[in-house]
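**Student:** sequence unknown, structure follows:
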Ligand SMILES: [Zn+2]
């Protein structure tokens with residue numbers, strides 16, 4: 001009886017396997033020819049003369065002139081073919097600001113979860129790096145039928161440190177947070193006697209992350225913000241030990257840092273990349289502090305990458321913009337049911353929370369927004385000027401949107417990346433620098449440069465067809481008309497939340 005059940009299950013599993021292989025073939029076997037299209041690609045991107053691009057099984061097989069017709073042909077005359085974009089700072093789990101009560105989930109939660117991968121694609125992002133995740137979530141994400149390919153970093157955190165400072169010790173030292181807790185000898189008194197010290201060493205944690213398929217290790221240097229003050233930060237020796245073991249395993253180490261002190265820590269510990277720009281600047285200055293320009297030069301010399309994430313601050317302030325929900329493009333990124341909920345009393349909790357920082361001395365919502373804009377102008381200007389200096393000094397900039405950086409409805413998937421592009425323009429960067437960062441450079445950062453980030457033979461056919469030239473103006477990214485994912489052509493409008 002038992003044997004029969006086992007063999008029946010085996011048969012049905014095999015059937016599933018065959019179905020999976022079959023649909024995979026259907027999706028990939030189709031040949032595609034894009035004719036007479038201008039190609040933009042590479043480290044020093046420029047616009048090619050019109051060419052044909054032939055794709056089969058999701059791979060670019062040939063680029064040339066007058067290639068033979070194939071089953072599917074797209075006319076690319078006067079259009080631009082570019083690599084699918086890569087965002088190396090997203091958080092894919094959950095919906096910003098939505099708290100479910102008593103395990104009851106409103107209908108819009110399912111709709112929004114179904115739309116999130118489509119929204120990234122709608123704005124051209126075909127590859128994403130989730131900076132705090134784990135294997136099972138990313139596997140589920142990548143098993144969705146239409147979704148950008150996701151990779152992940154494993155985080156290593158100290159007790160009471162950012163980003164788990166709000167959790168009780170009981171919660172921190174129990175699963176699943178405990179998997180990210182490293183043993184920090186400087187805090188030895190905090191660990192309960194049953195904490196598995198020998199398993200939570202930098203070496204063992206890095207090796208486990210590698211085995212799970214992580215691309216990177218994320219560490220944090222954050223002394224506090226808002227109501228969080230004097231948070232513990234990791235000692236440099238601990239971070240250097242993590243870096244040493246990560247590099248042995250071919251993993252990069254990315255540091256959360258957004259102040260002078262934390263950027264100094266990043267330079268001193270020699271992490272591979274810093275995943276925020278510098279918005280806290282000035283009040284911590286000492287005679288020994290580097291100037292912004294000196295920081296930028298040091299990043300260029302040491303080849304430590306910097307990801308400005310300007311939209312973290314810019315998006316936070318927009319929560320107070322009275323006309324935010326009138327933005328036309330929002331209907332494409334989130335279902336109407338969720339947009340309506342955000343505008344309800346219940347959905348406004350994050351705005352009400354933040355508004356406590358601004359007192360009652362304002363006349364109306366417009367007046368409050370002006371006050372907020374004024375308060376945010378200093379950190380935003382810090383970010384913009386520092387980002388420009390990094391580019392001028394030749395430091396490597398990684399494009400990352402940090403979507404969402406908090407419980408904010410102003411940082412929706414996909415569109416937040418598009419807005420981050422605008423912020424790079426505000427900083428005075430060129431469309432070429434932006435393009436390279438979103439394609440070749442980000443592909444290199446995640447070790448995928450052999451298969452994504454360029455339009456060339458042998459590369460995965462993750463491509464975008466645009467009506468305008470993105471090296472002339474950033475608004476060209478609003479003219480995407482087709483997203484090609486693994487060689488499969490998707491009309492952009494089909495990815496809109498209005499088509500869900
Ligand atoms: Zn983040």
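**Tutor:** Structure's in. What do you need? It should be emphasised that the depicted structure is a prediction, and the values quoted were computed from it without experimental measurement.
**Student:** which residues of this protein score low on pLDDT?
**Tutor:** Residue ranges of the chain with pLDDT under 70: 1-29, 101-103, 282-288.
**Student:** tell me the domain ranges of it?
**Tutor:** Per automatic domain parsing, the structural domains of the chain span 26-84+455-492, 87-319+366-444.
**Student:** ok, the nearest residue to residue 200 once chain neighbours are set aside - how many residues close by?
**Tutor:** Leaving aside its sequence neighbours, residue 200 sits nearest to residue 183 (CB to CB, 6 or more residues apart in numbering; 4.9 Å). Yep, even glycine has a C-beta here, placed from its N, CA and C like the rest. The local packing of residue 183 (other CB atoms under 10 Å) involves 20 other residues.
**Student:** Where do the strands of the stretch 301-450 of the chain begin and end?
**Tutor:** Here the stretch 301-450 of the chain has its strands, by DSSP state E, counting those that start in this stretch, at 305-306.
**Student:** Helices of that one, residue ranges please.
**Tutor:** Secondary structure of the stretch 301-450 of the chain (DSSP state H, counting those that start in this stretch): helices at 311-318, 330-333, 336-342, 349-355, 365-392, 415-426, 431-436, 442-445.
**Student:** Tell me which residues are up against the last one.
**Tutor:** Contacts to helix 442-445, defined as CB atoms under 8 Å, 6 or more residues apart in numbering, come from residues 86-88, 127, 129, 252, 273, 305, 398-399, 449, 451-454.
**Student:** and those, which are buried?
**Tutor:** Among the contacts of helix 442-445, those classed as buried by 16 or more other CB atoms under 10 Å are 86-88, 127, 129, 252, 273, 305, 398-399, 449, 452-454.
**Student:** Just send the helices of the stretch 301-450 of the chain back as TSV, with mean neighbour count too.
**Tutor:** Converted to TSV, the helices of the stretch 301-450 of the chain look like this (neighbours: other CB atoms under 10 Å):
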stretch	mean neighbour count
helix 311-318	23
helix 330-333	20
helix 336-342	18
helix 349-355	15
helix 365-392	18
helix 415-426	22
helix 431-436	20
helix 442-445	23
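**Student:** Among the ones you listed, which comes closest to residue 480?
**Tutor:** With CB to CB as the criterion, residue 480 lies closest to helix 415-426 of the helices of the stretch 301-450 of the chain, at 10.0 Å.
**Student:** what comes into contact with that closest one?
**Tutor:** Under the criterion CB under 8 Å, 6+ apart, residues 85, 87, 119-120, 123, 125, 308-311, 314-315, 329-330, 332-333, 383-384, 387, 399-401, 403-404, 410, 431, 433-434, 438, 474, 477-478 lie in contact with helix 415-426.
**Student:** 6 Å instead?
**Tutor:** Contacts to helix 415-426, defined as CB atoms under 6 Å, 6 or more residues apart in numbering, come from residues 87, 123, 125, 310-311, 314, 329, 333, 384, 401, 403, 434, 474.
**Student:** hang on, residue 210 packs against residue 249?
**Tutor:** Yes - Residue 210 lies in contact with residue 249 (CB atoms under 6 Å); the separation is 4.2 Å.
**Student:** okay, those two: which has more neighbours?
**Tutor:** Of the pair residue 210 and residue 249, residue 210 is the one with more neighbours under other CB under 10 Å, namely 18 against 14.
**Student:** To which secondary structure element is that one assigned?
**Tutor:** For residue 210, the enclosing helix or strand under DSSP states H and E is helix 202-212.
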